[in-house]
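Colleague: give me a model of this one.
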Amino acid sequence: MTQRNAELDYARAIGIVLVVFGHALRGLQAAGYLPEDGWAHATDYLIYTFHMPLFLIVSGALFAPEKFSGPRSLLGKLSVLIVWPYLLWSIVQGAVLVVMARFGAVNSVNADWSWLLEIGWSPLGQFWFLYALFIAQVLAFFAYRRVPVWGMAAISLAAFAWFMVTRGPEVTILVSYGCFYFALGMMARKVDLFGRLPSRWPGALALLAAGAAIAVICLLTEVVPYWPIPAAIVMSLATISVCKAMTPALAGRSVGRWFAIIGQCSMGIYVLHILAIGAIRLGMTRFMGITDPALLLVGITLVATLVPVAVQLVALRLGIEKWCGMPSSAKPFTATGLRAGTAAPAS
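Modeller: Below you'll find the model as predicted:
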């Protein structure tokens, strides 16, 4: 595994663990185990400021439109990497949540079968990311060599601002939001921004502190979600910088390989973690009698991360990962055991 690829695997691992943690946190808040304000609110705000921009920026940096021979080549790949996982797991998750809601086992009191009929224009839950990423890649492909990358970013940002100000449909906000950060990732690749980021701890931590400070200022001044753009950009770049700093210490070690595997299996975690969180919380609270918020938060985050990893690794071993909607361009399990590699969850 090259140092550059390791950095991005580690960044995806951090990002996907934050996704699971954030949804576990919100679920416990909705269920009354954690407060809606105080440290829980501040933590939620910080995580949601940058964890999805991080994924979008990395995906944009890995996107290479020149490698596709034409629209058919692009759509063929995206149908496997994005469209099928989106459709399959939107239907599975939607159906499970509707059934569980009937028994009061989840917080989705408004769960309805109409969800499944609307996924073509109204993404369900976390699947907005795949929906927006598909559109971003298609637009980037057709705009390639016609519109400069900075122009794509500017147009996306303008569209995002317009839909936010005019309170447009949520899907238009999310798609333009995703396209903006995806275009930033393409810009980063064009100027090799990742390669220019600090690779030593003092610089990486300084960048992280700057991003956190901006996010705290946005929190204290009550900047509404989606708008803390400077904080999102700096925190995303700081995360990659921190991963560059930690790479030498993790390279060649078992902990480093497993950390990379979490990043490589981020697709499996992303599509399964909401179902896993619901099942684990139900098991811990109703059947194990655990009510301690800290124990619930840690336990749910840990298990809801590792169980999907195990599922994806089994699918990879059996060669059915694409049919399961968990595609990966690198297989952490091979005939000889674990190996290092890279995989963008949906790029």
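Colleague: please, where are all the strands along the chain?
Modeller: 333-334, 337-338 (DSSP state E).
Colleague: what about the last one, average pLDDT?
Modeller: When you say that, I think you mean strand 337-338. The average pLDDT within strand 337-338 is 40.
Colleague: repeat that for stretch 227-247.
Modeller: 97.
Colleague: per-residue pLDDT, Gly203?
Modeller: Gly203 is given a pLDDT of 98.
Colleague: for Ser328, same thing?
Modeller: For Ser328, pLDDT reads 69.
Colleague: same check on Ala343?
Modeller: 39.
Colleague: residue furthest from the geometric center of the chain?
Modeller: In the chain, the residue that sits farthest from the middle, by Cα atoms, centre = their mean, is Gly289; the gap is 31.1 Å.
Colleague: for that residue, what are its contacts?
Modeller: Taking Cβ atoms under 8 Å, 6 or more residues apart in numbering, we find Gly289 in contact with no residue. Placement of C-beta: from N, CA and C, glycine included.
Colleague: how many other residues sit next to Ile300?
Modeller: By other Cβ atoms under 10 Å, 27 other residues sit near Ile300.
Colleague: any idea how far Ala24 is from it?
Modeller: As defined by Cβ to Cβ, to the nearest Å, Ile300 lies at a distance of 4 Å from Ala24.
Colleague: now for Val92, how many residues are close by?
Modeller: Neighbour count for Val92, taken as other Cβ under 10 Å: 15.
Colleague: and if you look at Leu117?
Modeller: Neighbour tally, Leu117, other Cβ under 10 Å: 11.
Colleague: before we move on, the earlier item: and the residue farthest from the centre of the chain, backbone torsions?
Modeller: Here is the backbone geometry of Gly289 (degrees, to the nearest 10): phi 70, psi 20.
Colleague: check it and give its pLDDT.
Modeller: 94.
Colleague: contacting residues for the closest residue to Ile173 other than its chain neighbours?
Modeller: Nearest residue to Ile173, sequence neighbours excluded (Cβ to Cβ, 6 or more residues apart in numbering): Phe163, at 4.7 Å. For Phe163, the contact set (Cβ under 8 Å, 6+ apart) comprises 169, 172-173, 176.
Colleague: circling back: what is in contact with Ile300 and Ala24 at once?
Modeller: In terms of Cβ under 8 Å, 6+ apart, Ile300 and Ala24 are both contacted by the residues 277, 281.
Colleague: for stretch 169-183, buried residues please.
Modeller: Neighbour counts over stretch 169-183 (16 or more other Cβ atoms under 10 Å) mark 171, 173-183 as buried.
Colleague: kindly export it (C-alpha atoms) in CSV.
Modeller: Only the C-alpha atoms of stretch 169-183 are listed here, as CSV (Å, rounded to 0.1, in the frame of the first residue of the first chain):
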residue,chain,number,x,y,z
PRO,A,169,-36.7,21.0,-1.9
GLU,A,170,-34.3,19.2,0.4
VAL,A,171,-33.0,17.0,-2.5
THR,A,172,-31.9,20.0,-4.5
ILE,A,173,-30.0,21.3,-1.5
LEU,A,174,-28.3,18.0,-0.9
VAL,A,175,-27.4,17.5,-4.5
SER,A,176,-25.9,20.9,-5.0
TYR,A,177,-24.2,20.6,-1.6
GLY,A,178,-22.6,17.3,-2.8
CYS,A,179,-21.7,18.6,-6.2
PHE,A,180,-19.9,21.6,-4.6
TYR,A,181,-17.6,19.5,-2.4
PHE,A,182,-17.1,16.9,-5.1
ALA,A,183,-15.9,19.7,-7.4
